[in-house]
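Visitor: what shape does this take:
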Amino acid sequence: MNVRSTTILGVRLKKKIALGGDGQITFGDMVLKQKAVKVRKFDSEKNEILGGFAGAAADALTLFSKFEEKLQEYNGQLQRSVVELAKEWRTDKYLRNLDALLALMDRRQSYLVSGDGNVVEPDGPVIAVGSGAGYAQAAASAFLSCKVTSPKEIVQRSLEITADICIYTNHQITILELK
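Guide: So this is what the prediction gives:
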């Protein structure tokens with residue numbers, strides 16, 4: 001899936017996490033909106049989870065609703081909820097046509113989820129999706145190697161760098177964090 005729509009970046013350091021995204025929504029080569037919010041917090045009784053999306057907004061919001069159902073069904077267990085969402089997304093006649101990528105993380109785990117059934121847990125503390133994902137991940141990795149210790153600062157500075165490079169990413173950044 002070649003998502004040309006946004007950049008979502010998450011960083012985990014110790015027990016702190018931050019997940020942010022830009023606000024640009026494009027349609028082809030036109031910018032339709034500058035200040036969209038593509039990240040959100042999910043609260044279950046047992047876990048706080050941050051999520052972001054790249055791709056079609058309506059599709060992603062539908063998937064967020066499905067993910068929330070899975071969180072309730074599996075008592076806030078991120079891994080189980082993500083796997084069950086991916087299975088349903090891949091096999092459901094309606095859901096399998098949804099065009100989005102999800103980034104989901106809590107204080108211990110991060111996952112990239114796609115409609116073809118892929119669930120990927122990145123090796124390191126950085127997670128990124130969208131058109132500017134490579135730029136944002138590279139910037140975040142550089143800040144981590146320079147011993148920047150605030151996940152929120154790393155996400156902010158990395159997304160700013162990405163917005164300077166990627167035409168599908170803008171400077172209207174929204175960041176959520178869990179301390």
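Visitor: show me where the chain has strands.
Guide: 7-13, 16-21, 25-27, 30-33, 39-43, 48-55, 100-105, 110-114, 119-120, 126-130, 174-178 (DSSP state E).
Visitor: elements contacting the last one?
Guide: So the one you mean is strand 174-178. In terms of contacts (3 or more CB pairs under 8 Å, 6 or more residues apart in numbering; DSSP states H and E), strand 174-178 is packed against strand 16-21, strand 39-43, strand 48-55, helix 151-165. Where you see a C-beta, it was placed from the backbone N, CA and C, and this is true even at glycine.
Visitor: relative to Leu85, which of the ones you listed is closest?
Guide: Closest of these to Leu85 is strand 48-55, at 10.7 Å (criterion: CB to CB).
Visitor: which strands and helices sit next to the closest one?
Guide: strand 7-13, strand 16-21, strand 39-43, helix 57-73, strand 100-105, strand 126-130, strand 174-178.
Visitor: between it and strand 110-114, how many degrees?
Guide: Computed by axes from the mean of the first three to the mean of the last three CA atoms, to 10 degrees, the angle separating strand 48-55 from strand 110-114 equals 30 degrees.
Visitor: hey, C-alpha coordinates of strand 48-55 in PDB?
Guide: C-alpha atoms of strand 48-55 as PDB (Å, rounded to 0.1, in the frame of the first residue of the first chain):
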ATOM      1  CA  GLU A  48      -3.700   3.600  27.900                       C
ATOM      2  CA  ILE A  49      -3.000   3.300  24.200                       C
ATOM      3  CA  LEU A  50      -2.100   5.900  21.600                       C
ATOM      4  CA  GLY A  51      -3.100   5.500  17.900                       C
ATOM      5  CA  GLY A  52      -2.500   7.300  14.700                       C
ATOM      6  CA  PHE A  53      -3.400   6.700  11.100                       C
ATOM      7  CA  ALA A  54      -2.300   7.300   7.500                       C
ATOM      8  CA  GLY A  55      -4.700   6.900   4.600                       C
END
